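*Asks:* Just a sequence and a predicted model for now, questions to come.
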Amino acid sequence: MKHYLFPLMAVFALVACKEDVAKAPPSPVPLTEEALSFFCQMNVAEHGGPKGQIHLEGYPAPLFFAQVRDLVAYLKIPERDAPIVGVYVSDMGVAASWQEPGVENWIAADQAHFVVDAQVAGGMGAPEIVPFAELDDAAEFVARWGGTVMALDAIPDAAALGAVDLNAPLETPT
């Protein structure tokens with residue numbers, strides 16, 4: 001009986017430890033023609049500029065955003081239906097163009113370099129927060145369009161939640 005006790009205890013220990021193993025965040029999903037932007041319920045693919053997706057615990061599909069500024073706003077507001085388990089943004093360094101930001105070139109938002117306060121309009125016409133996987137790509141964008149490069153957690157609230165001046169001279173990158 002004693003020789004069965006040790007393997008049995010090992011099995012119970014492994015089962016007990018299984019609950020402590022952290023789940024990997026969900027993988028980003030490709031942007032489809034049917035994806036609707038969370039805040040405005042407009043078709044995401046019909047708007048240029050970088051996009052975002054947020055995965056919530058217990059939800060089978062991510063929340064999509066037609067503009068990264070809106071994604072950052074969602075991250076900063078306290079009202080949510082579930083805990084966030086994954087956040088991805090378009091890597092504009094490999095996008096075909098501003099009008100074609102890509103459907104599968106997602107990067108984890110906490111690893112991205114964001115250009116804030118550039119004089120560019122996002123997909124919904126508001127000033128955009130532009131993500132890049134590579135710091136050099138973000139620096140090139142700043143050299144052309146202005147702004148400051150920063151990490152996701154350094155983006156000021158006003159950049160995502162502040163009022164939008166509809167008369168501001170924003171451009172759409174080419």
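*Replies:* Thanks, I have the structure now. Residues are numbered from 1 along each chain as shown.

*Asks:* Quick one: residues in contact with the longest strand anywhere in the chain.
*Replies:* Scanning the chain for the strand with the most residues, using DSSP state E, yields strand 84-90. Residues outside strand 84-90 that contact it (C-beta atoms under 8 Å, 6 or more residues apart in numbering): 23, 25-28, 50-57, 62, 68, 71, 75, 101-102, 105-110, 112, 131, 152. To be clear about C-beta, it is placed using only N, CA and C from the backbone, and glycine gets the same treatment.

*Asks:* and if you look at stretch 165-174?
*Replies:* The set of residues external to stretch 165-174 that reach it, using C-beta under 8 Å, 6+ apart, is 48, 49, 97, 98, 119, 120, 121, 125, 127, 141, 144, 145.

*Asks:* one step back: just list what the very next helix or strand once past the longest strand of the chain packs against, helices and strands only.
*Replies:* With elements assigned by DSSP states H and E, the helix or strand that comes after strand 84-90 is strand 106-108. For strand 106-108, the contact count by 3 or more C-beta pairs under 8 Å, 6 or more residues apart in numbering; DSSP states H and E identifies strand 84-90 as packing neighbours.

*Asks:* rewinding a little: export the contacts of stretch 165-174 to TSV and append columns for neighbour count, distance to residue 160 and pLDDT.
*Replies:* Listed next are the contacts of stretch 165-174 as TSV, based on neighbours: other C-beta atoms under 10 Å; distance: C-beta to C-beta, whole Å; pLDDT from 0 to 100:
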residue	neighbour count	distance to residue 160	pLDDT
48	21	19	90
49	26	14	94
97	11	24	95
98	20	20	95
119	15	17	92
120	22	15	95
121	21	15	90
125	14	15	84
127	22	10	93
141	21	18	97
144	12	22	96
145	17	18	96
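
*Asks:* in its sheet, what does the longest strand of the chain sit against?
*Replies:* Paired strands of strand 84-90, with direction, are strand 52-56 (antiparallel), strand 106-108 (antiparallel) (DSSP bridges).

*Asks:* Quick check: buried residues in the first one?
*Replies:* Same thing as strand 52-56. Residues 52, 53, 54, 55, 56 are the ones in strand 52-56 that count as buried (16 or more other C-beta atoms under 10 Å).

*Asks:* tell me the helices in this structure, going along the chain?
*Replies:* Under the criterion DSSP state H, the chain contains helices at 2-18, 68-76, 135-145, 157-161.
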